[in-house]
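Q: Predicted structure and sequence below. I'll ask about it afterward.
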Amino acid sequence: MPSDFIRGMLKRVDPRILWRDLEDWGFDRSRRVRTSGNEHTPAPERAVGELRDSHIYGPVRVPNAHAALRALPLKDISEYTFIDIGSGKGRMLFVAAEYPFRRVLGVEFGTDLHNLANENIARYRHPKQRSGPIESLNENAATFEFPQGKLVLYMFNPFGPEILGRMLDNLERSLEHDPRHVVVLMIWPEHSDVVGRRPWLREVSRTRRYHVFETLNAGG
């Protein structure tokens, strides 16, 4: 019988994977977006800048994202622009939109992923949105010029230490020109040591799932 077949299939499915799939489905459906599923590194002609040590896109789990955002050392979230470096289809942009950030920006070097993010932004509707405008930028993180004002930079392992180092160099130059409070949030970080070695950043908190850093002498 079909029901016996389905029950047999469910017994062979890892319940953790099934729960994750249901979680992703519920998030996307309730917000009218399509952010689920991993994506491979784009072809060179479909990216802004060199591929270098870029990684695949994988959407963050929503509960992990909320837990990390609640740990941010911010006095007034509305003073900050949230920037997802390697934003892919935009999953984290829509999580961040449930907080009163001044703006929510995604930086994605893959042209196709950027286009998907823009489609999602156009469709996105949710009563919990509290942020200002949401925008996806098709730019290379290694050469990205950071906007003025206080920032929260979020990363879910979008690339390796080479591009990360170049991005931090750009951020340091931006801070020399415009000193301000910047928070760096890394989910399941593989290269947080690269951030931790920067003398102008200090570690605020560290858990198994996320690490948080902030700039020195520029209070939030």
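A: Nice, thanks for sending it over.
Q: Show me where the chain has its strands.
A: Counting by DSSP state E, the segments of the chain that form strands are 80-85, 103-107, 134-137, 150-155, 182-187, 201-206, 210-215.
Q: Can you say which of the ones you listed is nearest to Arg125?
A: Minimum separation from Arg125 across the strands of the chain (Cβ to Cβ) falls at strand 134-137, 11.6 Å. Every C-beta, even on glycine, is put in place using the N, C-alpha and C of the backbone.
Q: Give the buried residues for that closest one.
A: Ile134, Ser136 (16 or more other Cβ atoms under 10 Å).
Q: ok, it: who's next to it in the sheet?
A: Here strand 134-137 is paired, per DSSP bridges, with strand 103-107 (parallel).
Q: which intervals of this protein have sub-threshold pLDDT?
A: For the chain, applying pLDDT under 70 flags the ranges 1-14, 38-56, 218-220.
Q: At the geometric centre of this structure, which residue do we find?
A: The chain has Asp84 as the residue nearest its centroid, 3.9 Å off, counting by Cα atoms, centre = their mean.
Q: So that one is in contact with Val95, correct?
A: No: using Cβ atoms under 8 Å, Asp84 makes no contact with Val95, being 9.3 Å away.
Q: Helices of this protein, residue ranges please.
A: For the chain, the helices defined by DSSP state H cover 2-12, 15-31, 62-70, 91-96, 111-123, 161-177, 192-196.
Q: Next, the angle strand 201-206 makes with the third one.
A: So the one you mean is helix 62-70. Here helix 62-70 runs at an angle of 130 degrees relative to strand 201-206 (axes from the mean of the first three to the mean of the last three Cα atoms, to 10 degrees).
Q: could I get the strands of the chain as a markdown table with distance to Leu22?
A: As requested, those are arranged in a markdown table below (distance: least, Cβ to Cβ, whole Å):
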| stretch | distance to Leu22 |
| --- | --- |
| strand 80-85 | 24 |
| strand 103-107 | 25 |
| strand 134-137 | 25 |
| strand 150-155 | 24 |
| strand 182-187 | 21 |
| strand 201-206 | 30 |
| strand 210-215 | 23 |
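Q: And for Gly88, nearest residue in space, chain neighbours not counted?
A: Tyr57 (3.6 Å; Cβ to Cβ, 6 or more residues apart in numbering).
Q: next one: Asn120
A: Per Cβ to Cβ, 6+ apart, closest to Asn120 is Val33, 4.1 Å.
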